[in-house]
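Trainee: give me the fold of what follows.
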Amino acid sequence: MSIIKRIDSLGRIVLPKSVRKSLNIKNSDEVEIECSKDKIIISKYNVVEKNEMFLENIVQVLHNYLPNELYVVITDTNIALNASNLDFKGLKLSSRYLMLLNNRKTFKESIAPSFNPFENYKNMYLKLSFPIIIDSTLCGSIAIVGKRESATMIKKIETLVEYCRDLIIKIMY
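Mentor: Prediction:
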């Protein structure tokens, strides 16, 4: 896609609504500006993606405490990491889960009925989800997902997952 825009007297340009929508850029989101020879590249800044190795370690630690039927997923709209052999990369989050994230709500299966947080991954149900909010920006969530019948240790690991979420926020802030 190529769009031509005029720079105003203060050096600003407006990102068209179609571009913001396709990159899921909302008011107050941060963008990254890179200069490369004679090009300017503007992309949505993704603090989660910039710390992928650290997040993979967090996922691995959490996964060690989970029973086999539960999985850790750290999400934003572009990335999902887990420590199992299931491939959660390229997830499309369901509208219900995006609404939960956008409302910055914590989800606990013990309080509300479980639902599938993914559009393109069948038979997975949200068990626990904590939003990752850094500098008042919603960056994603740390979630535990599993099959419908797997509810074994959720209460026991809730504190650990919340602690890991807080650690992610501290490290990336």
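Trainee: going forward, measure contacts and count neighbours with C-alpha atoms only.
Mentor: Noted.
Trainee: by residue count, which helix of the protein is the longest?
Mentor: Longest helix in the chain, counting residues (DSSP state H): helix 154-172.
Trainee: go through that one and flag the buried ones.
Mentor: By 16 or more other C-alpha atoms under 10 Å, the buried positions in helix 154-172 come out as Ile154, Glu158, Val161, Glu162, Cys164, Arg165, Asp166, Ile168, Ile169.
Trainee: and Ser9, how many neighbours?
Mentor: Neighbourhood size, Ser9 [other C-alpha atoms under 10 Å]: 7.
Trainee: next one, pLDDT for it please.
Mentor: Looking at Ser9, its pLDDT is 94.
Trainee: for the one 5 residues further on, same thing?
Mentor: On pLDDT, Val14 comes in at 91.
Trainee: need the three-state assignment for the nearest residue in space to it that is not next to it in sequence.
Mentor: Among residues not flanking Val14 along the chain, Lys5 sits closest, at 7.6 Å (C-alpha to C-alpha, 6 or more residues apart in numbering). Three-state call for Lys5 (DSSP: H, G, I helix; E, B strand; the rest coil): coil.
Trainee: list the single closest residue to Ile33 in space, sequence neighbours excluded.
Mentor: Closest residue to Ile33 apart from its sequence neighbours, by C-alpha to C-alpha, 6+ apart: Ile42 at 4.6 Å.
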